[in-house]
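**Q** predicted model follows, preceded by the sequence.
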Amino acid sequence: MSEDLHEPVLPGPGASDYERYLRTDELLSLQKDPEERVHHDELLFQTVHQSSELWLKLATTEVDEAAGHMERGELAPAIRLLRRAVLSLQYVTTQLEMLNQMSPWEYSEIRVVLGHGSGFDSPGFRRVPAVTQRVSQAFERALQRAGLSLVELYQQGREHEDLYQVAELLTEWDERIWVWRFRHYAVVARALGEETIGTQGTPVQVLGKLIAQRQIPKLWEVRSRLVELFDAERKGSAA
């Protein structure tokens, strides 16, 4: 007798293996039911933030794994994982646009039921600096093993292609964090205004100060140094 390929074989609740593997019953029950919502757009608000946490979980996991590879001197797999992490942050940033589909008044209605909830308490938000610090330290050690300074890596980049690619991906990771924070700030400022006090007593303007912070400042500082060296070398050649 032929096997019925439509019948689930995986354990757990759900009418199909798709539902059982992805645990869709549990996943789709994590949002408020219609009768629980103070406003229709609570579903939009929860969807954006819950999916953001999933992408941030993936992004930070990949960066952490990439750091482990780099600590073992395995640059190629680290490059692949860092590319995934960067793309994950792009998705987190892009979906913030959905929140601009809410009016400031609607946003305020939902804000009432957040309690003391704040983006600062996001598990993903808190984990980003931790994994970034680890991967930054792993990169520093990789440079040391190669006997290179950061300036020398960029001057001789094509001779150390994998390490150069790691440096550029870490720069992009840092840049994507910056872009994500900027878009988050812009969305909140557009909805609440810049002078409003947040749910935990923090002014919205404080979010703006986070934008200027770099997670891996050396990767940005080296660019200025490279310009100085290039200009000095050019002047020396012209003399």
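**A** Okay, I see it.

**Q** going forward, measure contacts between C-alpha atoms and count neighbours the same way
**A** Will do.

**Q** now do the buried residues in the longest helix along the chain.
**A** Using DSSP state H, we find that the single longest helix of the chain is helix 161-192. Of all the residues in helix 161-192, those buried under the rule 16 or more other Cα atoms under 10 Å are 162-167, 169-189, 191-192.

**Q** with stretch 72-82 instead?
**A** Buried-residue list, stretch 72-82, by 16+ other Cα under 10 Å: 75, 78-79, 81-82.

**Q** now the residue nearest the centre of the chain: how far from residue 11?
**A** Centroid-nearest residue in the chain, with Cα atoms, centre = their mean: residue 89, separated by 3.7 Å. Distance, residue 89 to residue 11, by Cα to Cα, to the nearest Å: 33 Å.

**Q** chain center to the helix or strand hosting residue 77: distance?
**A** Assessed by DSSP states H and E, residue 77 sits inside helix 75-94. Mean-position distance between helix 75-94 and its chain equals 9 Å (Cα atoms, centre = their mean, to the nearest Å).

**Q** now that helix - C-alpha only, CSV.
**A** Extracted in CSV, the C-alpha atoms of helix 75-94 (Å, rounded to 0.1, in the frame of the first residue of the first chain):
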residue,chain,number,x,y,z
LEU,A,75,37.8,33.1,7.3
ALA,A,76,35.8,31.7,4.4
PRO,A,77,32.8,30.4,6.5
ALA,A,78,32.9,33.6,8.5
ILE,A,79,32.5,35.6,5.4
ARG,A,80,29.4,33.6,4.4
LEU,A,81,27.8,34.0,7.8
LEU,A,82,28.6,37.8,8.0
ARG,A,83,26.9,38.3,4.6
ARG,A,84,23.7,36.6,6.0
ALA,A,85,23.9,38.8,9.1
VAL,A,86,24.1,42.0,7.1
LEU,A,87,21.2,40.9,4.9
SER,A,88,19.1,40.1,8.1
LEU,A,89,19.7,43.7,9.4
GLN,A,90,18.5,45.0,6.0
TYR,A,91,15.2,43.1,6.5
VAL,A,92,14.8,44.5,10.0
THR,A,93,15.3,48.0,8.8
THR,A,94,13.1,47.7,5.8
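
**Q** residue 67 - how many residues pack around it?
**A** Residue 67 sits with 26 neighbouring residues when counted by other Cα atoms under 10 Å.

**Q** pretty sure it sits against residue 138.
**A** Yes: here residue 67 reaches residue 138: they are 5.8 Å apart, a contact under Cα atoms under 8 Å.

**Q** show the contacting residues for residue 43.
**A** 31-32, 37 (Cα atoms under 8 Å, 6 or more residues apart in numbering).

**Q** which element is it on?
**A** Assigned by DSSP H and E, residue 43 belongs to helix 42-71.

**Q** which pLDDT value goes with residue 116?
**A** pLDDT, residue 116: 74.

**Q** secondary structure element for it?
**A** Remark: residue 116 resides in no helix or strand, with elements defined by DSSP H and E.

**Q** how close does it sit to residue 150?
**A** With Cα to Cα as the criterion, residue 116 and residue 150 are 43 Å apart.
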